[in-house]
Structures are given as C-alpha cells and as structure tokens.
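*Asks:* Could you work out the structure for the sequence below:
(one chain, ligands or ions: 1)
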Amino acid sequence: MMVTQAALRPDVPRWRQIVDLVRNGNAKPPRRVERSDAEWRAILTDEQYRVTRRKDTERPFSSALCSLFEPGLYRCVCCDTPIFDSTSKFDAGTGWPSFAAPIAPDVVRYVADDSYGTPQIEANCNVCDAHLGHVYPDGPPPSGLRFCINAVSLRKEQPAERQP
Ligand SMILES: [Zn+2]
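*Replies:* Just a heads-up that it's a prediction; the model follows:
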C-alpha cells in the first residue's frame with residue numbers, strides 16, 4: 001500500500017474527529033476572507049467560480065496537477081491560504097489531485113454533503129468557504145485520509161515564491 005511522506009501533525013484530525021467536526025462545528029479559521037458573489041465572479045475564471053463557489057466538480061483527469069509531484073505548497077485559488085503540501089500528495093488514480101492531510105488543522109472546513117444520494121463529507125477552505133472537494137476514510141497511512149480535490153480550486157506555489 002502506498003504511504004505518503006507527510007510528517008503528519010498530531011493535531012490534524014483523523015476520520016473520527018472529522019465526523020465529529022461535521023456534527024459539532026469546525027476549527028476556528030486562522031483568518032476570514034469574505035466577498036460578495038459578484039466579487040468572486042469578477043476575480044475568478046468561470047471554471048474556478050463554478051467549482052469553488054457553486055460546488056461543481058471538474059472532469060476527472062482534466063488537470064496536469066494530478067500527476068504533478070514537485071515540492072511545494074498548494075494554496076486556495078480564492079484566498080491564497082496554504083491548504084496542502086506536496087509531501088502529502090499521492091496518486092489515488094481517481095483523476096483528481098489527492099492528498100492525505102491538510103497542512104494544519106484549521107485550514108479546512110468539513111461539511112456534510114448529501115447531494116449525491118450517499119452521504120459524503122465536503123472539504124472546504126475554512127478561510128473563504130471555497131469548495132475544494134471531498135474527504136474519504138480510504139487514504140494511505142499515516143492519516144488514512146484521502147482528500148479528493150478539484151485542481152481548479154488550488155494554486156500550486158512556484159518555487160521562486162519561497163525566496164525572501
Ligand atoms: Zn480560501
């Protein structure tokens with residue numbers, strides 16, 4: 001079985017805690033970014049808007065991000081909050097970028113999603129409420145989680161941005 005290289009922070013929730021967060025309320029976000037629907041429409045591309053603000057799902061295998069494993073951070077495309085790190089990225093073969101854990105416990109908001117007939121847990125940005133994708137309890141160790149994320153919801157940080 002595939003194991004990710006993520007040095008998992010002990011405070012990043014596991015599946016049972018995620019279910020509790022859905023029921024009882026999410027972690028306090030590190031900050032908040034709130035914009036009107038018209039403002040989001042103006043700053044996002046049509047596809048980014050549909051996925052992040054209208055909870056659409058991009059076509060599987062539609063993004064080069066699926067097979068990209070270069071080091072770096074993945075930020076929310078709406079508010080630029082760092083959400084995932086490349087060390088937790090793995091190839092789940094689903095056609096969507098997959099991660100084993102977010103970089104911190106307070107950057108993802110977990111919400112029940114019953115819109116597909118079977119109950120699922122939606123993973124949203126905790127800062128701006130952007131829809132990112134869903135989380136499932138069938139990921140690799142050590143987290144056991146699989147964050148199945150739309151590539152258009154993310155912006156891969158370029159290595160140059162890390163320089164002071
Ligand atoms: Zn965001």
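*Asks:* so is the residue nearest the centre of the chain in a helix, a strand, or just coil?
*Replies:* Taking Cα atoms, centre = their mean, the centroid of the chain lies closest to Leu132, which sits 4.7 Å from it. Of the three states, Leu132 takes strand according to DSSP: H, G, I helix; E, B strand; the rest coil.
*Asks:* how many other residues sit next to the closest residue to Cys66 other than its chain neighbours?
*Replies:* Using Cβ to Cβ, 6 or more residues apart in numbering and skipping residues adjacent in sequence, the residue nearest Cys66 is Pro97, 5.5 Å away. From N, CA and C alone the C-beta is placed, and that goes for glycine too. When neighbours are counted by other Cβ atoms under 10 Å, Pro97 registers 27.
*Asks:* Likewise for Val111?
*Replies:* 17.
*Asks:* Quick one: classify it as helix, strand or coil.
*Replies:* Val111 ends up strand, using three-state DSSP.
*Asks:* now it, nearest residue through space, not along the chain?
*Replies:* Glu122 (4.5 Å).
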